[in-house]
Structure formats: C-alpha cells, structure tokens
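Undergrad: give me a 3D structure for the following:
(chains A and B)
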Amino acid sequence: MDATGTLVEVLKGEGPKVLATLARTIGDLAVAEDALSEATITALDAWPRTGIPDNPRAWLAVVARRKALDLLRRESARAAKEAAAFRWGTGAAPDQIEEAIEAMEPETSLRDDMLRLIFTCCHPALSREAQVALSLRTLARLEVPAIARAFLVPEATMAKRLVRARAKITTARIPYAIPSDTELPGRLAAVLAVVYLIATEAHAPTGGDAVARVDLEAEAVRLARLLASLMPDEPEALSLLALLLLTSARTRARTDAGGNPVTLADQDRTRWNRAAIAEGSAWLSEAATRSGGVAGPYQIQAHLAAAHSTAPSWQKTDWDRIVGLYDLLGSITASPVVALNRAVAVTERDGPEAGLAALKTIAGLEYSHLWHAALADNLRRLGCTSDAAGELHAAVTLAPSEVEQRLLQGRLRTVRSELG
Amino acid sequence: MALYVALCYYDRDQPWDSVPDKESTPEYTEFARRTTEAGVMRGGEALHPVTMSTTITVSGGKGGDVLVTDGPYAEAKEVLAGYFLLEAADLDEAIAWAAQIPAAWRGKIELRPVAPAHA
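TA: Alright, predicted model coming up:
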C-alpha cells in the first residue's frame, strides 16, 4: 500500500471512532459529522508533510473537537446553542497530544459509542435507503460522490438524502443509544440487513461503475468486520462477516478479461482468494459454535457459500448438502429466489427431470430471467432443444442488464446451433 | 424533552362515530390514565368522522374568495380520527407510548415532532 493509501486507511479506521464519541459528547450527530469532515481535510493536508501521528485517533479527536466547537459557536450566534458551546471552553491545539490521550475514552466506552452510532444510522424511523446512505457516509467514511456513483443516483439526490436523514435524527430526536435487550434482536437484524444490502448492491449486475462496486464490496466487508468485532457474541453478525468474506473471495473470478460475467460453474477456481475463504470459514465455525445449533439465515447462507468455495469443481460440489441447506433456508425465509437456487442444486444432484419439476412448482418468477434460464438448462439437458431456445429467448428479453443479456444471448446462439 | 403529536388514523370504511368509539373507550381511558400518571400526556382530542368535515380554501392569496366544500381535503383510505400530544425524551420513548394507543392496532399512528413556535 502506498503512503496515500495508508493515510486513507487510517482515516477510515479511526474516523468513525472519533465521530462516535464526539456525537455523544456534543449531543449532535450532524455537527459531529461536519467537524470530523473538516478534521479529515486538515489531516489530509498535514499528514503528508508531518507523517501520520503516533496516535492518529487522538490527533483527529482534538482537531474534530475544536472544529465542532467552532461550528457550535457559529451556530450559537444565530440559535440558542450557547450552553453547549460554552461548556466546552476553548479547544486544544493538535500538538497537545498527551492531554488528548487522557481525555480519550476507554475502550469499553468507545465500543458503546460505536454501537450507538451504528444503531442510530440504522434506526427503523429512517428509510432503508437513508440507513444505507448514512452507514456508508458515517461508518465507512465514503464521500458523497462515491456513494451516489455506487447507487446510480445523481450526486445531488444522494446529498439531499443524507441531509434529510440527518435532519430527521435531530428534529425527531432519534436517540443516540444502544437498543434495550428486548429491542436488540430486531434492531440488530436491521443493521445486518443494511450491510448485506451494501454487499449485494456490489454484486448486482444492473449497470453501475464496476470499480465503484468493487469498492462497495470492500466497504461491506469492512462494516461486517466492525460489527463482528463490536458484537462478538452475536452469531448472525459473525455469520454475515463469514458470508461476505466467502463471497468476496470469488469476485476476481466473476468476470473474464473482457469484463463479461462468468457463472459459478465456469469460474477459474484458481483465481479465488484462498486467504479470504480460510478466514470466512473460520468465522463461520465460530458463529456455528456460538449459535448452539440454531442457525440463522446468514449462517445458512454462509454455509452455502462455504460449500461452494471449498468445492474442487462445480461437478464435485456436495449438492446433497446444498439442497439440504436451501431447504433449511426456505423453511425460515420462504422466497421464490431461494426455491430457484434450490432447484438448480436439485438438477445437479438428481438430474434435469427432477430439476425441471422443482422449477415448475415455483410461482412468482414468470418475469425472472434466471428462472427461464434455469428452465432452458434443464430442457437442453433433456434434449428438448427447441423448448430450451424458447426459454432462453424469454430470458434474454427479461434480462435486466446488458451484460446478462450478452451472456444469455451467447447461450441462445449455442442452443440454436445445436438445433441445426 | 420534546413534544410529539400522535395522529390517529382509522380506516375510512370502518364504522366509527368518533374516537374513542364505544368498543375502544376502555382502552383509551386506560391509555390516558397511564400517560397522565407518567407525565407524558399533554392533551388530545377525538374527531367526528370525515362526513362531518368541511374544507376551506381562500383563493388568490390572503383576503381572497373563501371557497367552502363538503368533506375532507384528501380522499384517502385512512382518515384522521384524533390526536394526542405527548411529551417524551426522544423518539424511542415516544414510539413506545404511541404503540399503546388503541389506534395503533385498530388503525395507524403517525408520530410527528412538534416544531417550536418562533418568537
């Protein structure tokens, strides 16, 4: 990693921690956000000249506090925020590091502040869109243009979304708090869903800047790591990290040199990231131990990802286990997409006749290109080439993106050539 | 502490005369008692059904023609049936109280923070 890369990594790692505590002590997340942004700009200017300080978090904390104080003073000239501003006195200079270290929060209190920040960003009173945007801006420290690019919305739209979300936190008084034990399961599920959504967006083939999407995947893994470190006793948090590591291990092999998507069956498995697979598997076994045999949806999905990531080839995959895992997943989250993936595994385990029968029992996927493509695959294996071509034609028409259209068109050409 | 208005919405087609109706009266009494004891209740009223509503518009700006029409402003499926004014420390506390208003299970509650009046 080059010097700028290291610097950005440090800022991304320490920034949210500084923000989490600052938001609590000044009681205003929006002001804390602005203050940290200014402190980050100061660091980006100063650190290349002075080197990264020995204690970058303390440095950032001092500068951000001073900036927050300035912001509150400016505001208090207009509004009645004087009390908050004067409680602060004058800010410390960034070279007064010793003083800052003393003022720094102990680790346990920092952990609570980070949890407060996470649960506030993912509060159910905010829309899912706003939760995702806030999490990427506040927790992952992504800049607004990068978030806008990744979600294919104009920058102004994304900026407005963030402003509105912050305004709601302040105006409706969304508390800066860790949920109570009774609320925790539901609230944690929302947090995990946000990180999962960021990861799936990274893999979504529906257009978008490819580079921005790889970044998004790295951010999702980073956030999952953060959640796992803050909540090491929550099996689903560990499972989500395992799942994202196991899936992101395959990212390099997911496209060919020409940028075309490569399906799991055809991927060059030597290009998979073995270290990520090993780490993901380790987190998964930790999660399985902690859950005491009651696997949640993320754990089951992580088991599925592990079954694929550790298989020597598509043919030598343990399809019986995969069908079993999809049965389990379907029993807790019934969804046609789960049923579709199960049917694909049934084809591999029991043959195309069984696969076709399984596909035909699924309702609600008439407009899914994946369903038609799966039907085509089974029909082709059964020798019904003409029917297979028909289904592939439907799949091409329904494909949501150009890359997928190209992939399916290629298959259609092959099937048509078999027709003669 | 912050003030929130809990707007109580009922299904338009649901037969109700006013909130609380006869069936839910004891539930509302219970809610009013508990919130009053907790110092949360700052007021509230039930409204007559929207068939009793009159909508007023002044056209062409202040002092213009007064236009009066029968019925509610918006032809919505859910109609405003009443409100409570609640004082709570934050949104989570307000949500916890709002979830105890009978309209939360008989209809829907919309919680809105009250904007302080400008001096």
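Undergrad: what helix or strand does the residue in the stretch 1-150 of chain A positioned nearest to chain B sit in?
TA: Closest contact between the stretch 1-150 of chain A and chain B, by C-beta to the nearest C-beta, is at A:Ala125 (5.8 Å). Just so you know, the C-beta spots here come from the backbone N, C-alpha and C atoms, and that holds for glycine as well. Following DSSP states H and E, there is no helix or strand that holds A:Ala125.
Undergrad: excluding its backbone neighbours, what's nearest A:Pro16?
TA: Nearest residue to A:Pro16, sequence neighbours excluded (C-beta to C-beta, 6 or more residues apart in numbering or on different chains): A:Leu139, at 5.3 Å.
Undergrad: so who does that neighbour touch?
TA: A:Pro16, A:Leu117, A:Ile118, A:Cys121, A:Leu223, A:Leu226 (C-beta atoms under 8 Å, 6 or more residues apart in numbering or on different chains).
Undergrad: what's the answer for A:Arg141, then?
TA: Contacts of A:Arg141 (C-beta under 8 Å, 6+ apart): A:Leu11, A:Lys12, A:Gly15, A:Pro16, A:Thr40.
Undergrad: isn't the last one right up against A:Gly15?
TA: Right, the one you point to is A:Thr40. Yes - using C-beta atoms under 8 Å, A:Thr40 is in contact with A:Gly15, at 6.4 Å.
Undergrad: where does the prediction get shaky in the stretch 51-200 of chain A?
TA: In the predicted model, the stretch 51-200 of chain A carries pLDDT under 70 at residues A:78-105.
Undergrad: circling back to that earlier point, which neighbours do A:Thr40 and A:Gly15 have in common?
TA: A:Leu60, A:Arg141.
Undergrad: helices or strands up against the host helix or strand of B:Arg34?
TA: Using DSSP H and E, B:Arg34 sits in helix B:25-37. For helix B:25-37, the packing partners by 3 or more C-beta pairs under 8 Å, 6 or more residues apart in numbering or on different chains; DSSP states H and E come out as strand B:41-46.
Undergrad: partners of the helix or strand just after the strand it packs on in the sheet?
TA: Using DSSP H and E, the helix or strand that follows strand B:41-46 in sequence is strand B:54-59. Here strand B:54-59 has these sheet partners by DSSP bridges: strand B:65-70 (antiparallel).
Undergrad: any idea of the mean pLDDT in the partner strand?
TA: Strand B:65-70 shows an average pLDDT of 91 in the prediction.
Undergrad: alpha carbons of that strand, as PDB, please.
TA: Coordinates of each C-alpha in strand B:65-70 appear next as PDB, following Å, rounded to 0.1, in the frame of the first residue of the first chain:
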ATOM      1  CA  ASP B  65     -62.500  34.400  -2.100                       C
ATOM      2  CA  VAL B  66     -63.400  31.900   0.500                       C
ATOM      3  CA  LEU B  67     -64.300  28.500  -1.000                       C
ATOM      4  CA  VAL B  68     -66.200  26.100   1.100                       C
ATOM      5  CA  THR B  69     -66.700  22.400   0.200                       C
ATOM      6  CA  ASP B  70     -68.200  19.500   2.000                       C
END
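Undergrad: next SSE after that strand?
TA: Per DSSP H and E, the first helix or strand lying C-terminal to strand B:65-70 is strand B:78-88.
Undergrad: now that following strand against strand B:41-46, angle please.
TA: Angle of strand B:78-88 versus strand B:41-46, following axes from the mean of the first three to the mean of the last three C-alpha atoms, to 10 degrees, is 170 degrees.
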